[in-house]
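Any chance you can model this:
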Amino acid sequence: GSRISGHCRCGILDHVLSSARARHVFGAVLAAGIVVSGISVGLYATQRDLAATGEDWPFVGLVNIFIEMAVFGLLVGAAVIARRRPEHHKRYLVLATISALGPAWFRFRHFLPFVPNPIVTFALVADSLLLVVAARDWRMLGRVHPVYVWAGGAMAAVHLIELVAAESDIWLRLGRFIVE
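Numbers count the residues shown, from 1 in each chain. Next up is the predicted model:
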């Protein structure tokens, strides 16, 4: 079976995605859809929450959604560009996956109300996976791959800036600008 369909023999999907080029195109289109839908859902949720609460906090979440979708899109874009360098390609995709985990896990705040400051906690838990993959490289290669050092470091820095700036006046003004 193909890498996409796993053990399921889907026939048409196996045939359509039989070439590496087709898988790359499929992945790029899927990533673009994730970015567009992520931004669209973020805009909808922000407008819904603004109408329901009349408070400013939905603007903060919207700015973070735009930044997270940009980080995800850039990392997938870097993976597409690096597709002929498998050691780089796969690491960019791992980082793109890690970048999407913080916002995804943040959705669990409703089920885990005891978690302190969920946006910070879940972002740190997600980014801690960068340490896991770096440790794996260190153990297997004797060094951390430059993609994890530079792109992973930049991703973690963006996430730290988000956490520090999330309650700032600039973030609120930027969120208002996006919505209006």
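
Roughly how far does the nearest residue to Trp138 once chain neighbours are set aside sit from Ala31?
Distances taken as C-beta to C-beta, 6 or more residues apart in numbering put Val144 closest to Trp138, at 5.6 Å, once the chain neighbours are dropped. C-beta: built from backbone N, CA, C; applies to glycine. Separation of Val144 from Ala31 (C-beta to C-beta, to the nearest Å) stands at 25 Å.

coming back round to it: who touches the residue nearest to Trp138 in this structure?
Ala134, Asp137, Trp138 (C-beta atoms under 8 Å, 6 or more residues apart in numbering).

Please apply the same query to His88.
Ala78, Ala79, Ala82, His145, Val147.

how about 7 Å then?
Counting by C-beta atoms under 7 Å, 6 or more residues apart in numbering, His88 makes contact with Ala82, Val147.

Kindly report the same for Ala45.
No residues are in contact with Ala45 under the rule C-beta under 7 Å, 6+ apart.

change it to 10 Å
Going by C-beta atoms under 10 Å, 6 or more residues apart in numbering, Ala45 touches Pro58, Gly61, Leu62, Ile65.

so can I have TSV of the residues you listed showing secondary structure?
Shown next, in TSV, are those (DSSP: H, G, I helix; E, B strand; the rest coil):
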residue	secondary structure
Pro58	helix
Gly61	helix
Leu62	helix
Ile65	helix
